[in-house]
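Visitor: Got a predicted structure here, sequence first:
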Amino acid sequence: MSPFFVIRLVLDFTAAGLLLAALAYWWLDNTSHELIGTGMFILLLSHNVFNRRWWTRLPKAARGRPNLLTIASNISIALAISTLLVTSVLISRAVFAFLPVSGGPTAREIHILAAYWAFILAAVHLGLHWSMIMAVMGRLLRVGPPNAIRTASLRATAAAIAVCGIHSTVVMGIADRLVARPSMDFWDFQQSTMGFFLHHIAILAVCGCAAHYAAVWLRWVGGARRVADAGE
């Protein structure tokens, strides 16, 4: 396995971690929030540079037999991140304050909306690539071939994570965030900082699990249809 590929994977997870940290705006001061966001954008730019061939192959994939779930996920997260970047520049009070532009309450609301959509879509993106990530980790950790006990344990863990993630979406009011519904229910970081991150990690995990198993199911359906067509 190429060490360069492992470095890319570490950078991608670092970008996801920075996005999670940036959501904790009321835990940070504004300058720290903007610096974290800037670091995340730089890592995401490098991610797209490394994966530029996927974008150049997109027109051909669309004309062939595309993986619609992956295409929709990638385009959606690109739009969310682009919106997040534009609104970041418009409302910046530190990193981009030298630019002669300014947003306002609307730009700030769009920024928050885009941030939460980017978070959910990042989880979906990770979930769609989870099989590849687990294969890489398996080779790095020299994990043996799959066995029934480990598979059952992982599925039980995924089910537990799903329950925690669904609970966390309610606790954190994610549904309201994703439709820009006004809310004055802010997390009390003086009471618990770790709780904020644990809830968001659970949400990240449940969305990733949902995307992973949706992709597995779609592959199974596609395979079953091909077998049926071949038997006719």
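Guide: Arrived safely. Residues are numbered from 1 along each chain as shown.

Visitor: now the strands for this structure?
Guide: For the chain, strands defined by DSSP state E do not occur.

Visitor: Find the least confident helix or strand in it, judged by mean pLDDT.
Guide: Among the helices and strands of the chain, helix 52-63 carries the lowest confidence by mean pLDDT, DSSP states H and E, at a mean of 70.

Visitor: List the residues that contact the residue nearest the centre of the chain.
Guide: Among the residues of the chain, the one closest to the centroid is residue 122, at 1.2 Å (Cα atoms, centre = their mean). Residues in contact with residue 122 (Cβ atoms under 8 Å, 6 or more residues apart in numbering) are 16, 19, 77, 204. For glycine as for every other residue, the C-beta is placed from the backbone atoms N, C-alpha and C.

Visitor: how near is the third one to residue 119?
Guide: Okay, so that is residue 77. Note on residue 77: its distance to residue 119, by Cβ to Cβ, to the nearest Å, is 10 Å.

Visitor: quick one, which of these two is more surrounded?
Guide: Each of residue 77 and residue 119 has its neighbours counted (other Cβ atoms under 10 Å); residue 119 has more, 23 against 20.

Visitor: biggest helix in this structure, by residue count?
Guide: Longest helix of the chain, by residue count under DSSP state H: helix 194-231.

Visitor: Which positions within it qualify as buried?
Guide: Residues of helix 194-231 classed as buried: 196-197, 199-212, 215 (neighbour count, 16 or more other Cβ atoms under 10 Å).

Visitor: ditto for stretch 18-27
Guide: Applying 16+ other Cβ under 10 Å to stretch 18-27 flags 18-25 as buried.

Visitor: again, but for stretch 174-191
Guide: Quick answer for stretch 174-191 (16+ other Cβ under 10 Å): 174, 177, 187.

Visitor: quick revisit: max pairwise distance over the contacts of residue 122: which two?
Guide: For those, the farthest-apart pair by Cβ to Cβ is 77 and 204; their separation is 13.5 Å.

Visitor: State the distance from residue 172 to residue 70.
Guide: Applying Cβ to Cβ to residue 172 and residue 70 gives a distance of 27 Å.

Visitor: Comparing the two, which shows the higher neighbour count?
Guide: Shown here are residue 172 and residue 70; by other Cβ under 10 Å, residue 172 has more neighbours (20 against 17).

Visitor: Just to check, the more buried one is in contact with residue 201?
Guide: No - taking Cβ atoms under 8 Å as the definition, residue 172 is not a contact partner of residue 201, at 11.2 Å.

Visitor: where exactly do the helices run in the chain?
Guide: Using DSSP H, the helices found in the chain span residues 3-23, 30-50, 52-63, 68-91, 105-128, 130-140, 148-171, 174-178, 194-231.

Visitor: Where among those is average confidence lowest?
Guide: When the helices of the chain are compared on mean pLDDT, helix 52-63 scores lowest, with a mean of 70.
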